[in-house]
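[1] Kindly return the folded structure for what I paste below:
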Amino acid sequence: MRTTVSIDDHLLAEARDAARQYGTSLGQFVERALRRELTMPVQQSGPEVPTFSSGSGPRPGIDLRSNRALAEYLDEDDT
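    Residues are numbered from 1 along each chain as shown. Sure, this is the predicted structure:
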């Protein structure tokens, strides 16, 4: 089947060079690369973070973007 796709010029040049090195056509090289990519498991973006619908939330004044502030808060519970 024929189709048209847009590919970055530099990537296309690399694919053409690689196809020549393998002794195949560009179409065969791209098809093989697509098959390989499609058989790989899908990577999740990261662990799922639980959310809570009730509770009081973080203590006022804690900057949740600061690892240091969170560590200091957690250390307060140890004393």
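[2] For this protein, just list every one of the strands.
    Across the chain, reading from the start of the chain, there are no strands by DSSP state E.
[3] what stretches of it score poorly on pLDDT?
    Where the chain drops to pLDDT under 70, the residues are 49-56, 58-59, 77-79.
[4] just the helices in this structure please.
    Taking DSSP state H as the criterion, the chain carries its helices at 9-22, 26-39, 67-78.
[5] For residue 2, find the nearest of those helices.
    Comparing the helices of the chain against residue 2 with Cβ to Cβ, the closest turns out to be helix 26-39 (9.1 Å). C-beta here means a position set from N, CA and C on the backbone, and glycine is covered the same way.
[6] Report the buried residues of the closest one.
    Of the residues in helix 26-39, those buried by neighbour count under the rule 16 or more other Cβ atoms under 10 Å are 29, 30.
[7] What does the residue sitting nearest the centre point of the chain show for phi and psi?
    Residue closest to the mean C-alpha point of the chain, counted by Cα atoms, centre = their mean, is residue 45 at 5.3 Å. Dihedral pair for residue 45: phi -70, psi -20, per degrees, to the nearest 10.
[8] Distance of it relative to residue 68?
    Using Cβ to Cβ, to the nearest Å, we find residue 45 at a distance of 26 Å from residue 68.
[9] Adding distance to residue 61, write the helices of the chain out as TSV.
    Formatted as TSV, these follow (distance: least, Cβ to Cβ, whole Å):
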stretch	distance to residue 61
helix 9-22	50
helix 26-39	48
helix 67-78	9
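[10] Of all the ones you listed, which one is nearest residue 3?
    Residue 3 lies closest, by Cβ to Cβ, to one member of the helices of the chain: helix 26-39, at 10.4 Å.
[11] Packing partners of the closest one?
    For helix 26-39, the helices and strands in contact under the criterion 3 or more Cβ pairs under 8 Å, 6 or more residues apart in numbering; DSSP states H and E are helix 9-22.
[12] hmm, who's touching the helix it packs on?
    The set of residues that contact helix 9-22 without belonging to it, under Cβ atoms under 8 Å, 6 or more residues apart in numbering, is 7, 25, 26, 28, 29, 30, 33.
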